[in-house]
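Undergrad: Build me a model from this:
(chains A and B)
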Protein chains: 2
Amino acid sequence: MARSFDVIAMGNAIVDVIAPVDDDFLLTHKIAKGMMTLIDEYRANHLYNAFSERREVAGGSAANTMAGLASLGARGFFVGKVKADRLGDSFADSLRDIGVRFTTAPAGDGPPTACSLIAVAPDGQRSMNTYLGAARELSPADIKAEDIAAADILYIEGYLWDALLAKAASRKAIAAAKESGTKVAFTLSDPFCVGRYREEFLELLGRDLDILFANEDEAKALFEAETFDEVLQHMERWGGIAALTRSEKGCVVVRGSEVHVIDAAPVAQVIDTTGAGDQFAAGFLYGLVRGKDLAVCGRLGVLAAGEIISHYGARPETSLEVLAAEADLL
Amino acid sequence: MARSFDVIAMGNAIVDVIAPVDDDFLLTHKIAKGMMTLIDEYRANHLYNAFSERREVAGGSAANTMAGLASLGARGFFVGKVKADRLGDSFADSLRDIGVRFTTAPAGDGPPTACSLIAVAPDGQRSMNTYLGAARELSPADIKAEDIAAADILYIEGYLWDALLAKAASRKAIAAAKESGTKVAFTLSDPFCVGRYREEFLELLGRDLDILFANEDEAKALFEAETFDEVLQHMERWGGIAALTRSEKGCVVVRGSEVHVIDAAPVAQVIDTTGAGDQFAAGFLYGLVRGKDLAVCGRLGVLAAGEIISHYGARPETSLEVLAAEADLL
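TA: The predicted structure is shown next:
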């Protein structure tokens, strides 16, 4: 039975607030340069007001992946929680504008829409200060089994484990996916996130996941492995589809004993690596839902990642569908 | 039955003659910068005399691999042809000094011992002008079945295909190896070499080889593949042990569906990449004859290659056995 959507994704619904700053600003405001730090509402307001010049863009890891999928021409559905406030409306509009279905009811009260206050230093390094706000309130009530059943793949970001309700929502979605034969894909999101939930992620892997996305650091953290090859051997034994990204080394794709080593796409100049993993996932998932073999899925992944790192911002600026067609991958 | 030797290698017996030159020298003498070029005796004499300052070191790809094996404490045997002349004596002494057995009878007449006239430019690039001389005269009569049978592995360099007699000697050695249960390992040597003998190398692979060494360019040339992943898929289907080196990307080791991705060893500063492949082969072969699993063989390979590229010259300056022990690979 053909389903109405290619991928339904669940993630933190976050608006990025981006401002150029100097190193003094980072020191004065005690911002850890180059890191993602979770902050509270008080600090979020404080930093927001301290930013003199700011630009707002819908963000969030899984939502950015859906933007990439839309750029490839796939039919996406996003599930995540905003509040009914200005940023919440802006987030919803930004998804609907690119054709991604987004129907999660905004919260009427409680904390405001999540934002990530991103300070960009003169050297291009980005320090992300993320206030989860309403995103933490995503709950099992927001999950509709018929939405999950309407997609080929359910894609979940590991960051959701940082909120108990959102985690419960993820588990409900996974159960619905198993019921309807929807494949379950998961991204480990961040090595620190893996550190916080390692045992739970391993259990998920063994019991629930069909497809795993991880960069090298995340995968090493998951298996407490010292070398990439140890990770690879774990993944071969696991038997599901693992897409392991390695920055400038490209990616390794594994399904049981089938292994592909794919080089990174050539990029004239790396401008900003933010969101490379999210776009890799978009390209790879697109290949999967279009029935491509795993080597082509990996090449679609590195193609999308290569586009995103060649400019600022975490959403594609050039149509990924056009790029993929030019690379003869469609 | 325990055999007397770990590896018996066959290759061109070449003395390297190394000289610092400036770019004008390369232009005046029409030397293709950074390349290996085969030259005749006349040109060899001419360049030898034009070198104002020169240093002589025993070289040759497989002979350098045997030097690496000796540095690891393995028992090696080298088969290759020199002439009974000054360079020939120097070559033989250099192997015997490090404990590598070398009993091939030197030619009493015919062309002189092979030499590679290596012009090192101020930027460190090496241009190799190789005169094969007596090395081309290695013949089936130099191959003794009992020597082959005395080793666990027979290792042959693809460069031998450049001389009909040496190729016939290689085929005789392979037949003896199959008779005695000695494993047959082969290195593709050079992408141009693969271009010259592609069909024959493919036939060897399918019929005679247990272990293949190739760098990425050589392996792509063998399969006329555009991407490394295509090479990998060919090797998985082949089923033997393939050790595929990828310069700064490390190596990929394959045996049927078993795949290992090994990173390059960290090197403080890359000084001279000459001979990296030869030393990789030394480390890898050492692992194999000591019964290590393939991941450890690969790590021994990149360790040995990392040593060699951190200084000038194609033979180890630090004991590889000590380095391997420090890295906990023995």
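Undergrad: pLDDT at the residue of chain A found nearest chain B, what is it?
TA: Closest residue of chain A to chain B, Cβ to the nearest Cβ: residue A:257 (3.3 Å). (Glycine included, C-beta is placed from N, CA and C.) At residue A:257, the model reports a pLDDT of 92.
Undergrad: distance of the most centrally placed residue in chain A from residue A:253?
TA: Closest to where the C-alpha atoms of chain A average out (Cα atoms, centre = their mean) is residue A:61, at 2.9 Å. In this view, residue A:61 and residue A:253 are 20 Å apart by Cβ to Cβ, to the nearest Å.
Undergrad: before we move on, back to that, does the residue nearest to the centre of chain A touch residue A:13 like I think?
TA: No: checked against Cβ atoms under 8 Å, the pair residue A:61 and residue A:13 is beyond contact range at 10.6 Å.
Undergrad: any idea how far residue A:56 is from residue A:303?
TA: Using Cβ to Cβ, residue A:56 is found at 28 Å from residue A:303.
Undergrad: Of these two, give the one with the bigger neighbour count.
TA: residue A:303 (23 against 15; other Cβ atoms under 10 Å in any protein chain shown).
Undergrad: who in chain A is up against chain B?
TA: Contact residues (Cβ under 8 Å from any Cβ of the partner chain) of chain A with chain B: A:227-229, A:232-233, A:236, A:249, A:252, A:257-263, A:295, A:298.
Undergrad: Give the ChimeraX command for selecting the buried subset of the residues you listed.
TA: Of these, the buried ones go into a single ChimeraX selection, burial set by 16 or more other Cβ atoms under 10 Å in any protein chain shown:
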select /A:227,228,229,232,233,236,249,252,258,259,260,261,262,263,295,298
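Undergrad: secondary structure element for the nearest residue to residue A:21 once chain neighbours are set aside?
TA: Ranked by Cβ to Cβ, 6 or more residues apart in numbering or on different chains and with sequence neighbours excluded, the top spatial neighbour of residue A:21 is residue A:119, at 4.4 Å. Using DSSP states H and E, residue A:119 maps to strand A:114-120.
Undergrad: For that strand, name the packing helices and strands.
TA: Other helices and strands packing on strand A:114-120, by 3 or more Cβ pairs under 8 Å, 6 or more residues apart in numbering or on different chains; DSSP states H and E, are strand A:14-20, helix A:41-50, strand A:126-131.
Undergrad: would you list the ones you listed in CSV and tack on mean pLDDT and mean neighbour count?
TA: Below are these laid out as CSV (pLDDT from 0 to 100; neighbours: other Cβ atoms under 10 Å in any protein chain shown):
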stretch, mean pLDDT, mean neighbour count
strand A:14-20, 92, 22
helix A:41-50, 93, 15
strand A:126-131, 91, 22
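Undergrad: Distance to residue A:210 for those - can I get that in CSV?
TA: Below are the helices and strands packed on strand A:114-120 laid out as CSV (distance: least, Cβ to Cβ, whole Å):
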stretch, distance to residue A:210
strand A:14-20, 26
helix A:41-50, 36
strand A:126-131, 28
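Undergrad: For the residue nearest to the centre of chain A, give me its contacts.
TA: Counting by Cβ atoms under 8 Å, 6 or more residues apart in numbering or on different chains, residue A:61 touches A:11-12, A:157, A:159, A:187, A:189, A:275, A:277-278.
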